Structure formats: structure tokens, C-alpha cells
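> how would this look folded up:
(one chain, ligands or ions: 2)
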Amino acid sequence: MPTNFPLFPQQASAQAGQVDAIYFFMVAVTAFFALLIAGLIVFFSVRFRRRHRDEIGVPIHGSLALELLWTFVPFVIAMGMFGWGAKVFFDLYRVPAGAMEIFVVGKQWMWKVQHMGGQREINELHVPIGRPVKLIMGSEDVIHSFYIPAFRVKADVIPGRYNTLWFEATKPGTYHLFCAEYCGTKHSGMIGSVVAMEPAQYQAWLDGGPADGTPVDAGAKLFQDLACHTCHQQDSQGRGPVLTNLFGSRVQLQDGRTVVADEAYIRESIVNPQAMVKAGFQPLMPTFQGLVTEEQLLQLISYVRSLSDAGAAPGAGTAAPTQPQDRSTLENKR
Ligand code: HEC
Ligand SMILES: [Cu+2]
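Ligands and ions are numbered 1, 2, ... in the order given. Reported below is the predicted structural model:
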């Protein structure tokens, strides 16, 4: 890959090579057939042109072998692209267990980032190299799209739900971060940079920045301030279910469905409690829609997660296994 060719972003993530390989393969196949067909059109029009006014063409009777050939060859190529593309797609969307997590909130017109240690940044994202990073992303207002060309990853950031995206940076450096979905007047200014660092440097960066409390601590405080604790008590005496060990478990709903309690489920439980009522409980939880910001929601979710063994957030420096199912449950809710 030419690295100094300015029209093509450099490859700086573990996924970039895979994405480029299938991209170039498809370009090569399409270019080959486009040239072949264009060439043949010119060649045939010259070769088989009418040479005098009353010439009549030779009738064509067709050829089964030829028909089979030009059906079968494109079929094999198309299915090959499909299979290969599907593999790359799944690799891009299945977050590996133990990925480090970072919250991202899109907002007209900036990217707000919070690390699990509490460090915040705006329009900048510092990540270590050689380690899978999972972004849990939400939007404060309209649809945005989080795009890092050098990593070959892009995902819509949608109000009202979470989307995740993962990558593993491979080369230290500073890379472009773009919003790739027109989101209003200053959309073009919604740009930033991703700084990929050696793990030791990243650790130093984390330690150096001011951390205003971890998301878990902030969530615990909100849990008191918003009086969640009056219904969700530690024992089963409250009117709401005990939240200990909820995260990652399967929840039986009143309407018979079973869902996995992931970030999206907890978010939905807070902003739209009536949508998914837990079996055995009254739908008396009030909605907190509009009362909490997208960032506060993420903090509440971190707190609820921290109450369960499966959910202890793998922040900087630690690696706890997470549930890689978030994609499937998001899918169920569409
Ligand atoms: C008035 C009592 C009440 C308050 C206040 C309340 N909840 Fe609830 N909550 C409930 C009840 C009852 C349920 C079970 C029925 C349902 O799923 O809606 C529930 C369900 C939940 C669930 C899903 C639990 C599960 O096991 O599936 C979560 C998560 C949750 N609440 C979080 C919160 C948070 C965070 C707050 C504060 C911002 C809060 N609740 C405030 C009563 C309450
Ligand atoms: Cu935008």
C-alpha cells in the first residue's frame, strides 16, 4: 500500500488490511469486466459492421456452452464477494471479549468522549495501540456518524439508542475523526482527531489528565439524586427489582419475550420503562426521558453494570470479559 498517496488513507488498524483487500478485489473485478465489455463493443462494431447496403446478417443459433459459461462465472464471482464480504462484516461488528470501553456522545457539533477512569475529552480520542477498543455511542440530538478513515470504521450515532463500534489501532499517530452524516449547519466543523499511543504513553496520558470521578461514581450519585434507590433497594423490599447482577443476565418480560440486559436494555428501562416491563412487576417506574442527559444515562448504566460481576467495566488497564451480545439485542429492537 502506498502510504504517502494522499487520496487513500493509511492503514492504521487491525481491520484496515481486510477492508482494503476486499475493496481492491471488487475494484479489480469491476474494472476488468468494464474494460472487457467496452473493448468488445468497439471490436465487434468494427469487425461485424455492415459492409454494403443490402447485406443481411448471418442468423445466430445460440450456444448452450457459452450461456452456461457467462452465467456460471459471474455467479461464482458474486458469491465469492458475498461470502468474503460477510466474513469481513462480521469481524468488523463482533466486538472481541475484553475490549476496553469508552463512551462517545455526539452532539451538534462536537464529539464528547469519556474514559472509564473518568477522563473526558472533546473532539479528541486517545487510545492505546494493540488493544481492542469498544466505543459505546449515543447522540444528544440528531443522527451523526462516527468515522475514522485510517481505521476503516464508521458507525451511525443515533438518538434514542446505543451503537457500538470497535477497532484495534496498530500504529501510533494522529488520525482524522469525522462526522459522516449531515447533521446541521456546522456539520463540516464536527471534526476531531484520534491519537493512538503506545500503551505506556496512554497510561501516562490517563494518569496526567484531570479525572472528575469515574462514570460509575457519577452514576451512583445520580442513582441517589434521582431517587432510583427508593424503588430499587439492595434487598427485595423495594417496589422495583433488585439491580444486582442484572447486567448480562437474561430478563423475562411480561409479554413473554426474553431479552439480554445489555446497555441498550438498561437505557430503554430508564427512558421508556413501559416498553419492556419485567415479568412479575407493576409498570410503575416513571420515565426519565428528558430528565437525564445522554451522558448521565451512560453514567447510570455504568453504575448498574458495576453492580454485576459480568459488567465490571473493563476500563483502562484492566481486562474483564464483557458480553459480546449487544449487537444482537440491538437488532431485536429494530
Ligand atoms: C417508582 C419506583 C421506581 C423508580 C423511582 C425507579 N424505578 Fe426502575 N423500575 C421500577 C419497577 C417497578 C421496575 C420493573 C418494571 C419495569 O420493568 O418497568 C423497574 C425496572 C428497572 C430496570 C430494569 C430492571 C430489570 O431487572 O429488568 C432498570 C435498569 C431500572 N428500573 C433502573 C432505574 C433507574 C436507573 C432509576 C432512576 C433513574 C429507576 N429505575 C427509578 C420502579 C422504579
Ligand atoms: Cu454530524
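> check the secondary structure at residue 51 for me.
With DSSP: H, G, I helix; E, B strand; the rest coil as the basis, residue 51 sits in coil.
> ok, it - contacts?
Residue 51 is in contact with no residue at all, counting by Cβ atoms under 8 Å, 6 or more residues apart in numbering. For the C-beta atoms, the positions are set from N, CA and C on the backbone; glycine is no exception.
> roughly how far does it sit from residue 44?
Here the criterion is Cβ to Cβ, to the nearest Å. By it, residue 51 lies 14 Å from residue 44.
> show me which residues of the chain are close to ligand 2?
144, 179, 183, 187, 190 (Cβ under 5 Å from the ion).
> measure the closest residue to the fourth one other than its chain neighbours to residue 113 for me?
Taking Cβ to Cβ, 6 or more residues apart in numbering as the measure, residue 187 lies nearest to residue 179, with 6.1 Å between them; neighbours along the chain are not counted. Here the criterion is Cβ to Cβ. By it, residue 179 lies 14 Å from residue 113.
> count of neighbours near the residue of the stretch 201-334 of the chain found nearest ligand 2?
Ranked by Cβ to the ion, the top residue of the stretch 201-334 of the chain for proximity to ligand 2 is residue 294, at 14.7 Å. Applying other Cβ atoms under 10 Å, we find 22 other residues in the vicinity of residue 294.
> surely it and residue 137 touch.
No: the criterion here is Cβ atoms under 8 Å, and residue 294 misses it with residue 137 at 9.8 Å.
> between these two, which contacts overlap?
Taking Cβ under 8 Å, 6+ apart as the criterion, residue 294 and residue 137 both touch residue 105.
> remind me which residues of the chain are low pLDDT?
Scanning the chain with the threshold set as pLDDT under 70 gives 1-6, 209-212, 310-334.
> now for the lengthiest helix in it, which elements pack on it?
Looking across the chain with DSSP state H, the single longest helix is helix 16-47. When contacts are defined as 3 or more Cβ pairs under 8 Å, 6 or more residues apart in numbering; DSSP states H and E, helix 16-47 sits against helix 64-93.
> which is the succeeding secondary structure element to the helix it packs on?
Moving toward the C-terminus from helix 64-93, the next helix or strand (DSSP states H and E) is strand 100-107.
> buried set for stretch 280-299?
Within stretch 280-299, the residues scored as buried using 16 or more other Cβ atoms under 10 Å are 285, 288, 292, 294, 295, 296, 297, 298, 299.
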